[in-house]
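Engineer: mind looking at a prediction? Sequence and model below.
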Amino acid sequence: MDTINLTIDNKTLVVKKGTTILEAASGIGIDIPTLCHMKLDDLNIENKPGGCRICVVEVNGRRNLAPACCTEVNEGMEINTHSMRVINARRTVMELILSDHPFDCLICAKSGNCDLQDMAHNLGIREIRYQGEQSTYREDTSPAIIREVDKCIMCRRCETMCNEVQTVGVLSAINRGFESVVSPAFEMNLDHSVCTYCGQCVAVCPTGALTEVDETGKVVRALSDPTKTVIVQTAPAVRAALGEEFGMEAGTLVTGKLVAALRRLGFDHVFDTDFAADLTIMEEGTELLNRLGKHLSGDKDVKLPILTSCCPAWVKFFEHQFPEMKDIPSTARSPQQMFGAIAKTYFADQLGVKREDLVVVSIMPCVAKKYECGREEFKTNDNPDVDHALTTRELAALIKLSNIDFKSLPNEEFDNPLGESTGAGVIFGTTGGVIEAAVRTAYEIHTKKELPRLDFDELRGMEGIREATIDFDGLPIKIGIAHGLGNARKLLEDIQAGKSEFHAIEIMSCPGGCIGGGGQPYHHGNADVLKQRQKALYTEDKNKAIRKSHENPYIVKLYEEFLGKPMSDKAHHLLHTEYFDRT
Amino acid sequence: MTDYKMHLLLCGGTGCKASESDEIKKELNRVLENHKLQDEVQVVSTGCFGFCEKGPIIKVLPDNTFYVQVTPHDAVEIVEEHVVKGRPVQHLLYTDPKTAKHIPDSKGMDFYKKQIRIALKNCGFINPENIDEYIARDGYQALGKCLTEMTQDEVIKEVKDSGLRGRGGGGFPTGLKWEITKNVENEQKYVVCNADEGDPGAFMDRSILEGDPHAVLEAMAICGYCIGADTGLIYIRAEYPLAIQRLKVAIKQAEDYGLIGDDIMGTGFNFRIELRYGAGAFVCGEETALIHSMEGLRGEPTFKPPFPSVSGYMGKPTNVNNVETFANIPVIINKGAAWFSSIGSEKSKGTKVFALAGKINNVGLIEVPMGTTLREVIYDIGGGIKNGKKFKAVQTGGPSGGCLTKEHLDIPIDYDNLIAAGSMMGSGGMIVMDEDDCMVSIAKFYLDFTLEESCGKCTPCRVGNKRLYEILDKITRGKGEVEDIEKLKELSGVIKDTALCGLGQTSPNPVLSTINNFEKEYLAHVLDEKCPAGQCKSLVRYDILEDACTGCTLCFRNCPVGAISGERRQPHYIDHNLCIKCGVCFEKCKFNAITIS
Amino acid sequence: MTKIKSLADLRKMKEEVQSKIKLRENSDNSGQLVQIKVGMATCGIASGAKDTMKFFIEELEQEAIDAVVTQTGCMGFCYAEPTVEVILPNKEPVIFGHVGKEKVHEIVDAYIKRGELVDGIIPVNFKTIDD
């Protein structure tokens, strides 16, 4: 028998075998509240520990209440989702959670975005009958993520992201009983651990236990310092998500308003990381073709596949986990860092501003970018190429702080020279985008022919690991794509085991790529949000006049005036980097 | 081979080892050698005799003389008097507390009279580190019989017919469990022995493993044959070093004989057994938590279904049984289901091992037929309450169980009767309380235990139990209110209703059962701010009766905080601001001049 | 190390090793077995009780009779040492005096095997305070 007949709240229904009570109820419009449960469809991500016990329901004939999230339906089941017994149990459980949670909602970074707060509101909690000792833990601040573990409710979502999805294995439940909490082993600080700062834990935390390091204050200070020239770059994925913070539909493109808002915030120049993405393609694409050329001419020392290196969490991941492979990724810096390097040399020279007086701020969908801009190799005389990296969420907070009515802003254009970009730069923000952009350029440089088409559907999608072979005019180029570090690990292990062969691989740490970054507006477990953002980026690409990086006129100009050619000594010095064994 | 004329069976269980049984053995052998008796008298280290109250124990065979509380010093006397001259050493004999007479033969001891030993049949009888002695007691015959003369279904039927139920606490029919696992199709299956004994005061599994490890190995192999598994895993807590060592020896010996390993007894059946160590978490007695712990994950339970029989260790079908359950299997196969099911009560067959502890004369390990009454266990076998005090309650089922009172003394003990009486069988811990035990404190004690042992995964257990504990603590400090009792009941109800695993679902039981049976005692705490048992320090007040005090200054000299003052030969006084209620003055006073209120 | 290769092997093995714990098995079931108590106080030992005990054990083994041979204290019949108390299942104890090697053979052969009384029985005509 493949179907099950049951009744929920006196409604009869038929569902597939294996359906949970939660899913069955949701199918007929009954929204059983959940707290720890999280399911991201299409991405194959589910957190279902059955731990919070908020979703309990009454099943006729059963001794105790059943957690709807992990109880599968049975034939003839009679379920009541809001009996007196259920409501009493649910509210009591909620009171218990709250009795061990700090009451600092008004000043919590998560206020307004907190699932726990919403749940307390929805359950109408007005008093907490069972009060007592609250657990306290040390606050842990790292370059990118702050752990305020007092606020942890043991939902284990972060643990699922860190262990199962990302296979990083830093966060897990420790201690027992009342002292149980999610933490790195031995209550180690995050910055001593192998944490990649991907921020997926932050992205799914239902409370304020995990948040990004807030740098808005530093940016406000820089903006109000008359001696500083403050410029800003915005990553591609930001424009597809920022609108959500202002109540706009997921997937609304707000590029023009974003530029307008940044200008009103007082940035002297509003630039685009997409420009640097195009630059990345020039360098990385050239590197790919070099390695490929050597490989084809029989050079045994050359390493293939080439792996993308624009994601800082991915870089830290392989430095910890696959140090023996550290000469395989492209040496090209990430777009954020390429932008910073060019800004503090080429552009500072143009302005006639000293390096120290130029402040580069980046708006990123990412929390790992905060860590990346602090890496020693990206500093000159202790002055970082990028001074402050803000997340999309922090930018939204800054805009609100500055009394800007975002929705009514006009659309404005980026400044030049570092604001001009192509469609190739835009799609950097989604999984598959970097490699598609690289293919567009590498193909034309290699074959010296114009591409017959620009949309590579075979490289797009949400599958965790994707493979495609692109015909470079008779030369088949095998391409791999992975997003989510767990998928990346699988791909790397396959390569190490000799199971897979690729010429080039794109890896993004976050599920969906940067659109699903740890610094993006909270998706609250709705995977559809990521799909809408992805769609928006491909739309922006389509609408661009220029869609190939090597055709960006300002890139061409940059090489003519400053860098010479891709992989030149100067380019090497400013745009490439090295990796370290962190084991 | 030497045929010894006399055997000195010396308990080598953990308890007696702690009381120098190894030293005693050395001494005995030394003295025997001095008398050139080493070839005539064999000293055998055995598993636990059960009579731990009076350990270390030596049983002299063939005459069944039972020596208690032996010290290494006594070796000379035992050899020179008993072995050489045949005169039992009177002062080492057990004294019957009722008749105050020495009992030379263990068969005459009330402690053993009502016991039937199935699971413990070899404990205290054979040398657990010698497989030959196990074989001499029909060891591995049951396995041989199953492999050569019975089909899998026939064995399962025998186990089902025997009526054996899980001895770990749940009481699930063992044969049925085997059948379910057998019927799940998979290339790889596992047999797991749950040796993660965690109830406070319970030590039957440890004693079986220490005293008769082969019985468990044999039963696991039988189970493996039935369900189609070639691997057995014993999950044992690392705090049981002696049991671990004995198991290692036993596994090695059984492997050497080819009784476990490949092609057992030429039947083509392969079965190997490995040990897995736990860190002693109570929750790992829950089978899903146990399996996660074995997989190297955090020991916390997951939602069932899927049950381990479908998806257990490494996602494979796994049959988990407790040590005592396994120990019954070889006997059932050898003697038959009909024999086994003739013992016990209607729905609970066979025997149950209990660990007697608390305020009882004969602390120890006993095995009685199901259906024996609490009265028989406590008074006949246990020898009654210590120091002639009054029986108040007995906690069965450990921290998941409840307390039973004198009204329950004549209930025949079995799974269903205990549940009906508001407690449960659990793994067989039995803690006896007397009139000096405060029931609120008892509930607090158990909650403190579950609080420590909760895995912290689900809210009701992690936070709810903490809040229960805090309320109980408040009551024992005299700060409770009448509403707190209602709160305890309500919160207990929700915890039982919503917790994820058995640990959480049963953790409020001690609270509820003490409220049910001793509500007056709770009320005394909250209304009168009094602890009737005089155990809650905050509610106790020590005073000196002026008329009775002789001014001997003994209390004054012994008070650790200087709270007592007074002139010699004059009545003394207690400063209640300084008094820490340690009770030393009460103990020291020879004139009953100290009162507790 | 011998491997046990079949159930028959195991059974054979059991037979072989059983003697190791036979003494224990027997004393566990002493009520159903012949019990022999050899008086082994100073007087008994001086009169050769240790040998008597040895003879009993050997003789019984030879005749394959399951019995429990134990030593006991002075029975009070010092004039008749070595003295031996023999208890057949479900029968009253009988005490024999002057039990040497020959007597052992006689007791085993006549009394234990066939239930016939032999010379040398000491009448027991007192009760202990336990009775």
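Structural biologist: Right, received. Where do you want to start?

Engineer: now do the contacts for the closest residue to chain A within the stretch 401-550 of chain B.
Structural biologist: Residue of the stretch 401-550 of chain B nearest chain A, by C-beta to the nearest C-beta: residue B:456 (2.4 Å). No exception for glycine: its C-beta is placed from N, CA and C like everyone else's. For residue B:456, the contacting residues are A:154, A:173, A:175, A:176, A:177, A:178, A:179, A:180, A:181, B:300, B:462, by C-beta atoms under 8 Å, 6 or more residues apart in numbering or on different chains.

Engineer: excluding chain neighbours, what is closest to it?
Structural biologist: residue A:180 (2.4 Å; C-beta to C-beta, 6 or more residues apart in numbering or on different chains).

Engineer: distance check, the one you found against residue A:202.
Structural biologist: 21 Å (C-beta to C-beta, to the nearest Å).

Engineer: neighbour count for the two, which is higher?
Structural biologist: residue A:202 (26 against 23; other C-beta atoms under 10 Å in any protein chain shown).

Engineer: pretty sure the more buried one is in a helix, no?
Structural biologist: Yes - assigned with DSSP: H, G, I helix; E, B strand; the rest coil, residue A:202 falls within a helix.

Engineer: between the two ends of stretch A:160-172, how far is it?
Structural biologist: Distance between the two ends of stretch A:160-172: 9 Å, counting by C-alpha to C-alpha, to the nearest Å.

Engineer: check contacts around residue B:225.
Structural biologist: So residue B:225 contacts B:143, B:146, B:147, B:152, B:155, B:269, B:271 (C-beta under 8 Å, 6+ apart).

Engineer: so which of those residues sit within helices?
Structural biologist: B:143, B:146, B:147, B:152, B:155 (DSSP state H).

Engineer: filter these down to the buried ones, ChimeraX style.
Structural biologist: Buried residues within these, by 16 or more other C-beta atoms under 10 Å in any protein chain shown, are selected in ChimeraX with:
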select /B:143,146,147,155
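
Engineer: most widely separated two among the ones in helices among the contacts of residue B:225?
Structural biologist: B:143 and B:152 (13.2 Å; C-beta to C-beta).

Engineer: is it true that residue B:54 touches residue B:94?
Structural biologist: Yes - between residue B:54 and residue B:94 there is a contact under C-beta atoms under 8 Å: 6.5 Å.

Engineer: give me the neighbour count for residue B:314.
Structural biologist: Neighbour number of residue B:314 under other C-beta under 10 Å is 11.

Engineer: residue B:186 versus that one, what's the distance?
Structural biologist: Counting by C-beta to C-beta, the gap from residue B:314 to residue B:186 is 11 Å.

Engineer: quick one: neighbours of residue A:296, just the number.
Structural biologist: Counted with other C-beta under 10 Å, residue A:296 comes out at 10.

Engineer: ok, the one 4 residues further on next?
Structural biologist: The local packing count at residue A:300 equals 6, with neighbours defined by other C-beta under 10 Å.

Engineer: repeat that for residue B:320.
Structural biologist: 26.

Engineer: so what are the domain limits for chain A?
Structural biologist: Listed domain ranges for chain A are A:3-122, A:140-212, A:230-275+A:336-408, A:281-332+A:421-575 (source: automatic domain parsing).

Engineer: Serialize the ones you listed to a markdown table and add fields for mean pLDDT.
Structural biologist: As requested, those are exported to a markdown table (pLDDT from 0 to 100):
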| stretch | mean pLDDT |
| --- | --- |
| domain A:3-122 | 95 |
| domain A:140-212 | 96 |
| domain A:230-275+A:336-408 | 97 |
| domain A:281-332+A:421-575 | 94 |
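
Engineer: nearest to residue B:445, out of these?
Structural biologist: Nearest to residue B:445, of the domains of chain A and by C-beta to C-beta, is domain A:140-212 at 15.2 Å.

Engineer: tell me which element residue B:9 is part of?
Structural biologist: strand B:6-11 (DSSP states H and E).

Engineer: related to what we said a few turns ago, out of the domains of chain A, which is closest to residue B:37?
Structural biologist: domain A:140-212 (53.6 Å).

Engineer: for residue B:592, which non-adjacent residue is closest in space?
Structural biologist: Using C-beta to C-beta, 6+ apart, the nearest residue to residue B:592 is residue B:548, at 6.1 Å.

Engineer: ok, the one you found - contacts?
Structural biologist: Taking C-beta under 8 Å, 6+ apart as the test, what residue B:548 contacts is B:591, B:592, B:593.

Engineer: residue B:551 is in contact with the first one, correct?
Structural biologist: The one in question is residue B:591. No - look at residue B:591 against residue B:551 with C-beta under 8 Å: they stay out of range, at 10.0 Å.

Engineer: what about the domains of chain A, which gets the closest to residue B:344?
Structural biologist: Closest among the domains of chain A, using C-beta to C-beta: domain A:3-122, at 25.8 Å.

Engineer: and the helix or strand of chain B with the lowest mean pLDDT, how far out from the chain's middle?
Structural biologist: Within chain B, no helix or strand scores below helix B:85, which has a mean of 77 by mean pLDDT, DSSP states H and E. Mean-position distance between helix B:85 and its chain equals 39 Å (C-alpha atoms, centre = their mean, to the nearest Å).

Engineer: next structured bit after that helix?
Structural biologist: strand B:94-95.

Engineer: wait, does that following strand contact chain C?
Structural biologist: No - figure legend: strand B:94-95 not in contact with chain C (C-beta under 8 Å from any C-beta of the partner chain); closest approach 15.1 Å.

Engineer: give the pairing partners of the next helix or strand after that strand; include direction for each.
Structural biologist: Under the assignment DSSP H and E, the closest C-terminal helix or strand after strand B:94-95 is strand B:102-103. With DSSP bridges as the test, strand B:102-103 is paired with strand B:94-95 (antiparallel).

Engineer: ok, and what's touching the strand it pairs with?
Structural biologist: Under C-beta under 8 Å, 6+ apart, the answer for strand B:94-95 is B:54, B:66, B:67, B:68, B:101, B:102, B:103, B:106, B:109.

Engineer: ok, stretch A:103-117 next?
Structural biologist: A:35, A:97-98, A:101-102, A:151, A:153, A:205-208, A:211, A:214, A:522, A:524.

Engineer: could you chop chain B up by domain?
Structural biologist: B:6-106, B:131-340, B:351-434, B:439-527, B:541-596.

Engineer: can you redo these as CSV with distance to residue A:563?
Structural biologist: What follows is the domains of chain B, written out as CSV (distance: least, C-beta to C-beta, whole Å):
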stretch, distance to residue A:563
domain B:6-106, 77
domain B:131-340, 51
domain B:351-434, 72
domain B:439-527, 56
domain B:541-596, 81
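
Engineer: rank those by pLDDT, which is bottom?
Structural biologist: Mean pLDDT is lowest for domain B:6-106 out of these, coming in at a mean of 87.
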